[in-house]
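[1] how does the following fold in three dimensions:
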Amino acid sequence: MTAPKHILIVEDEVPMAEALDFKLKQAGFATTVANDGAVAIEAVRSTAFDLILLDLILPKVDGFGVLEEIRKRKIKAPVLILSNLSQQDDINRALGMGAKDFLVKTNIQISDFIERVKKELGA
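    So this is what the prediction gives:
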């Protein structure tokens, strides 16, 4: 049996982080949760992830700073942005920095998001 795909959840809203963590584990994924950008950067420096879920509005280092670090380190894991920011400038900036997709939290159900993750990872 192969090891489960490992997902980094970068989300400062604890109820949202816990819901994503729970649902992804239920779906058979391994997860690590980072509640701020600085913790997320430490995580990507020390651990290989198959996918990164990234909020943009974070304490310490924002999601764009985390994306910058991912790009600097040439990390290949796809990054899905999950944010309440929905300005086209933010979307374009995140996608331009290498994010694979940009999903607005208020526009997506967690179950649909889990399906999106499964599709991305071929699970």
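[2] for the protein, which segments count as strands?
    With DSSP state E, the ranges of strands along the chain come out as 6-10, 30-34, 51-54, 79-83, 101-104.
[3] partners of the first one in the sheet?
    Just to be clear, that refers to strand 6-10. strand 30-34 (parallel), strand 51-54 (parallel) (DSSP bridges).
[4] what does the last one rub up against?
    Spelled out, it's strand 51-54. Residues outside strand 51-54 that contact it (C-beta atoms under 8 Å, 6 or more residues apart in numbering) are 5-11, 20, 40, 44, 63, 66-67, 70, 75, 77-83, 99, 117, 120-121. All C-beta spots, glycine's among them, are computed from the backbone N, C-alpha and C.
[5] so how far is it from its chain's centroid?
    On the basis of C-alpha atoms, centre = their mean, to the nearest Å, strand 51-54 sits 2 Å off its chain's mean C-alpha point.
[6] and if you look at stretch 10-21?
    11 Å.
[7] also stretch 111-123?
    So, by C-alpha atoms, centre = their mean, the centroid of stretch 111-123 is 12 Å from its chain's centroid.
[8] CA-only coordinates of that stretch in CSV, if you can.
    Presented in CSV, the C-alpha positions along stretch 111-123 are these (Å, rounded to 0.1, in the frame of the first residue of the first chain):
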residue,chain,number,x,y,z
SER,A,111,-17.1,18.8,0.0
ASP,A,112,-16.6,20.3,-3.5
PHE,A,113,-13.2,21.5,-2.4
ILE,A,114,-12.2,18.0,-1.3
GLU,A,115,-13.3,16.7,-4.7
ARG,A,116,-11.1,19.4,-6.3
VAL,A,117,-8.1,18.2,-4.2
LYS,A,118,-8.8,14.6,-5.1
LYS,A,119,-8.9,15.5,-8.8
GLU,A,120,-5.6,17.5,-8.5
LEU,A,121,-3.9,14.6,-6.8
GLY,A,122,-5.5,11.9,-9.0
ALA,A,123,-6.9,10.3,-5.8
